[in-house]
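[1] Fold the following and give me the result.
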Amino acid sequence: MVQRIGIDVCRIGKQRTGIENFALSVVKALSALTRDHADWEFHLFATDDGTAVIRGALQSAGTDRLRIHNVTDDGGRGGLKEQVYLPHATRNLPTFDLFYSPGYPLSPLVRSQMTIQQVHDMVPWRYGDTMTAGARLYWRVLLPVAIRRSRIVATDSQFTMDELRSFRFGKYKSMRIVHVSIDDRYLDFCAAGSSSILAELQVSKPYLLILGSLEPRKNLLFLLDVFERYHQMNHTVNLQLVIAGGKGWKNKQFFDKISAHPFQSQVRLIGWVNEDHLQHLVAGAEALLYPSLYEGFGLPPLEAIAVGTPVVASNAAAIPEIMGEHALYADPRNVDEWVQRLVYVVGNSEYREWIKLRGRTWAARYSQAALTDVLDHLFAEVLPQKSR
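    Numbers count the residues shown, from 1 in each chain. As a prediction, this is how the structure comes out:
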């Protein structure tokens, strides 16, 4: 008997951040799952902008067991996609056996016998002041509703699972860890062409790299202080600080600080970088800096060690759980600690070689194949009788 599994991927587009990239990783797993389970039928709900990306990620798009349905694109008002337009897109379809939301809260209007809600972090509760008021309200109201409805709550890490329990949202729920996966391009990285790509991005070595949206939780104001202190100590005077990522929100103070920064000429904002170029940008850095105050997983550090780039990271939240001994940690509020880590790592060829030898093996624990296996077991657990 066919099992109909719906998946909300309507946030996937050409420019993606963490949650959207995770959703795309879920999509990439589906070709293997349809091969291994003849009775599983997947229905993906995507916008016009995301459909082309999704078809490119699928090896068997368009088969009768892997279908893509259109969700109205409202021009970027994201919350309406899940809560209004997604239910509208499912209205003429039979009730699903299972519906999985890999990121944003699933609407209670979607008809499904069982649901799985992925929870990436508890930022709206722990660091709600770093969000816009609208986003904070959206998550605080709708995520608990989606969690209560779920048969299983999936989390990126043990840290996020513990956070959920501390807020009592998951007190009576079954929980499973469904980790974020690293793109195979990082695990199979080849440096050929890196010089021309860096030239295209107008980035010159040596440089430190930051990846992520320009928003308060990423702690970039703090890192500007670290960069200033480091240069004041006359270490590697020509070292640049390259910041790559979307514009984000609540960042006026950050831009003001860059304008007045004594080493402004060595701070480069290069915006969003596509994945084909990003791996080369990461590989060319002296180190990836990850001073975030709070993360439910933290993918950029894994990407860095996969291509042999050292990482200096915050010792907060899920980051130590995910990175183990493969990062240099510092308190995200202690400038002196961060400067000490930079003094150690910049130009340290011995430590870089150590990361090259060990980093890729560690990062491979979070491979696409590993995520596919986790999803296989998760879906089979929820639908055990009919799928076997």
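
[2] could I have stretch 338-354 exported to PDB, CA atoms only?
    The C-alpha trace of stretch 338-354 is given here as PDB (Å, rounded to 0.1, in the frame of the first residue of the first chain):
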ATOM      1  CA  TRP A 338      39.900  35.500  20.800                       C
ATOM      2  CA  VAL A 339      43.000  37.500  20.100                       C
ATOM      3  CA  GLN A 340      45.100  34.700  21.700                       C
ATOM      4  CA  ARG A 341      43.500  32.100  19.400                       C
ATOM      5  CA  LEU A 342      44.200  34.300  16.300                       C
ATOM      6  CA  VAL A 343      47.800  34.700  17.400                       C
ATOM      7  CA  TYR A 344      48.100  31.000  17.600                       C
ATOM      8  CA  VAL A 345      46.300  30.000  14.400                       C
ATOM      9  CA  VAL A 346      47.300  32.600  11.800                       C
ATOM     10  CA  GLY A 347      50.300  31.300   9.800                       C
ATOM     11  CA  ASN A 348      50.400  28.100  11.900                       C
ATOM     12  CA  SER A 349      51.200  25.600   9.100                       C
ATOM     13  CA  GLU A 350      51.500  22.700  11.600                       C
ATOM     14  CA  TYR A 351      48.000  23.200  13.000                       C
ATOM     15  CA  ARG A 352      46.600  23.700   9.500                       C
ATOM     16  CA  GLU A 353      48.100  20.400   8.500                       C
ATOM     17  CA  TRP A 354      46.600  18.700  11.600                       C
END
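
[3] which residues in the stretch 51-200 of the chain form strands?
    66-70, 98-101, 115-119, 152-155, 174-177 (DSSP state E, counting those that start in this stretch).

[4] okay if I get those as TSV plus distance to Arg229, mean pLDDT and mean neighbour count?
    Every residue, glycine included, has its C-beta placed from N, CA and C. Putting the strands of the stretch 51-200 of the chain into TSV (distance: least, CB to CB, whole Å; pLDDT from 0 to 100; neighbours: other CB atoms under 10 Å) gives the following:
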stretch	distance to Arg229	mean pLDDT	mean neighbour count
strand 66-70	51	91	17
strand 98-101	43	98	26
strand 115-119	37	97	25
strand 152-155	36	96	23
strand 174-177	38	95	16
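
[5] Ok, which of the ones you listed comes nearest Pro216?
    Evaluated over these, closeness to Pro216 peaks at strand 115-119, with 21.1 Å, by CB to CB.

[6] Against which helices or strands is the closest one packed?
    Packing contacts for strand 115-119, counted by 3 or more CB pairs under 8 Å, 6 or more residues apart in numbering; DSSP states H and E, involve strand 98-101, helix 133-149, strand 152-155.

[7] which sections of the stretch 1-150 of the chain are below the confidence cut-off?
    Scanning the stretch 1-150 of the chain for pLDDT under 70 picks out 14-15, 59-63, 73-80.

[8] ditto for the stretch 201-350 of the chain
    Scanning the stretch 201-350 of the chain with the threshold set as pLDDT under 70 gives 235-237.

[9] phi, psi of the closest residue to Gly271 other than its chain neighbours?
    Excluding the flanking residues, the one nearest Gly271 by CB to CB, 6 or more residues apart in numbering is Ala244, at 7.0 Å. Main-chain torsions, Ala244, degrees, to the nearest 10: phi -120, psi 130.

[10] contacting residues around Ala244?
    For Ala244, the contacting residues are 209-211, 270-273, 278, 281, by CB atoms under 8 Å, 6 or more residues apart in numbering.

[11] separation between the closest residue to Phe263 other than its chain neighbours and Asp225?
    Excluding the flanking residues, the one nearest Phe263 by CB to CB, 6+ apart is His231, at 5.1 Å. The spacing between His231 and Asp225, counted by CB to CB, to the nearest Å, is 11 Å.

[12] more crowded one of those two?
    Just comparing His231 and Asp225: by other CB atoms under 10 Å the higher neighbour count belongs to His231, 18 against 14.

[13] my guess is that one meets Gln266, correct?
    Yes. Applying CB atoms under 8 Å, one finds His231 in contact with Gln266, separated by 7.5 Å.

[14] Overlap in contacts, those two.
    Shared contacts of His231 and Gln266, defined by CB under 8 Å, 6+ apart, comprise Leu239.

[15] one step back: for the residue nearest to Gly271, list each beta-bridge partner.
    Beta-bridge partners recorded for Ala244 (DSSP bridges): Leu211, Gly271.

[16] and the gap between it and Tyr207?
    Note on Ala244: its distance to Tyr207, by CB to CB, is 11 Å.

[17] Show me what secondary structure element comes after the lengthiest helix in the chain.
    Looking across the chain with DSSP state H, the single longest helix is helix 18-36. Sequence order places strand 40-46 as the next helix or strand after helix 18-36, per DSSP states H and E.
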